[in-house]
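**Q** sequence unavailable; structure follows:
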């Protein structure tokens, strides 16, 4: 490849996700393969503003493909939201000879990247890293598959105690704006109901569904709730409502929380991260900028950052139908 890019910086920003380390590893080693220097930027955009940089080579990323979190750390930067902060970041990049960036994160990270590119014409490629899977232009984001497996494992264990005590469990999972985790993990875990932001089930329909389940002979139930579900203020309000209307049910709540973002990445996430990391470097060396690398129909594709940010990631209507049918 012929290019004027001699040094690429890589950072992780926003929330961490399993697979980020595998992506960092792929970026660093792809740089080495193509004889390009690589700089690790610690603490996301805040580290870029403060010049928290470290040279990285193939051996500096050994033994990290199997680790969750991010070795480059992550931080949300209020300073990067103003032009003075972004100018300082740009000056640090130029002073360190960095010619292009690979940013790993979600829509907030991509929004900052697009603004930075527009202001300074600085080459940037994004890699989607968020367990919520709520980025347009890719079927899977880094960490999503691992989070699903974590949630299903937790549901399996909760079901054991639910069956033993004839209990109804509300299991809250992450997904403030998107129900991908709840829908897929709910189906995989055999949930009786799945509550997601995209589908307003309604309190009365929920009660009707639980009553039908009880009448059909079910002595325990699992209801998976995305944290952004709209039918109650929170999962504890749902619990109180069900107890008031179905006093014969012993109701419990389990909030899985940040455990969903931790743990060793699945094989799928490791391979996806490796593919996207290599592609990000190759795209930059081909002279392209302001794109996100993603996965569609098992092919690595490019989506303009603006579309990735503004496009709407939708849950699969077929899966919603499947969940209704098999929970009977």
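**A** Looks like it arrived, so ask away. Not measured: the values here are computed from a predicted model.
**Q** other SSEs contacting the lowest-mean-pLDDT helix or strand in the chain?
**A** In the chain, the helix or strand scored least confidently by mean pLDDT, DSSP states H and E is helix 203-215, which has a mean of 79. Applying 3 or more Cβ pairs under 8 Å, 6 or more residues apart in numbering; DSSP states H and E, we find helix 203-215 packed against strand 193-195, strand 221-226, helix 235-245. C-beta: built from backbone N, CA, C; applies to glycine.
**Q** quick one, that helix and strand 221-226 angle?
**A** 150 degrees (axes from the mean of the first three to the mean of the last three Cα atoms, to 10 degrees).
**Q** buried residues in helix 203-215?
**A** For helix 203-215, burial by neighbour count (16 or more other Cβ atoms under 10 Å) applies to 206, 209, 210, 213, 214.
**Q** please apply the same query to stretch 292-300.
**A** Neighbour-count burial for stretch 292-300 flags 292, 293, 294, 295, 300 (criterion: 16+ other Cβ under 10 Å).
**Q** distance to residue 328, secondary structure and pLDDT added to those, as JSON lines?
**A** Below are those laid out as JSON lines (distance: Cβ to Cβ, whole Å; DSSP: H, G, I helix; E, B strand; the rest coil; pLDDT from 0 to 100):
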{"residue": "292", "distance to residue 328": "39", "secondary structure": "strand", "pLDDT": "98"}
{"residue": "293", "distance to residue 328": "41", "secondary structure": "strand", "pLDDT": "98"}
{"residue": "294", "distance to residue 328": "35", "secondary structure": "strand", "pLDDT": "98"}
{"residue": "295", "distance to residue 328": "33", "secondary structure": "strand", "pLDDT": "98"}
{"residue": "300", "distance to residue 328": "39", "secondary structure": "strand", "pLDDT": "98"}
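**Q** mind picking the two most distant members of the buried residues of helix 203-215?
**A** Largest separation among these by Cβ to Cβ: 206 and 214, giving 12.8 Å.
**Q** gap between the residue positioned nearest the centre of the chain and residue 164?
**A** The structure's the chain has its C-alpha centroid closest to residue 130; by Cα atoms, centre = their mean the separation is 1.6 Å. Distance, residue 130 to residue 164, by Cβ to Cβ, to the nearest Å: 35 Å.
**Q** what's the local residue count around the residue lying closest to residue 17 once chain neighbours are set aside?
**A** Leaving out its chain neighbours, the residue that sits closest to residue 17 by Cβ to Cβ, 6 or more residues apart in numbering is residue 143, at 2.8 Å. Using other Cβ atoms under 10 Å, residue 143 has 32 neighbouring residues.
**Q** just the pLDDT for residue 143.
**A** We note a pLDDT of 97 for residue 143 in this prediction.
**Q** that one contacts residue 130, correct?
**A** Yes: with contact defined as Cβ atoms under 8 Å, residue 143 reaches residue 130; the gap is 6.4 Å.
**Q** overlap in contacts of the two?
**A** residue 17 (Cβ atoms under 8 Å, 6 or more residues apart in numbering).
**Q** closest to residue 288 out of the buried residues of helix 203-215?
**A** residue 206 (47.7 Å).
**Q** where along the stretch 101-250 of the chain do the strands fall?
**A** Assigned by DSSP state E, counting those that start in this stretch, the strands in the stretch 101-250 of the chain fall at 124-128, 167-173, 193-195, 221-226, 250-255.
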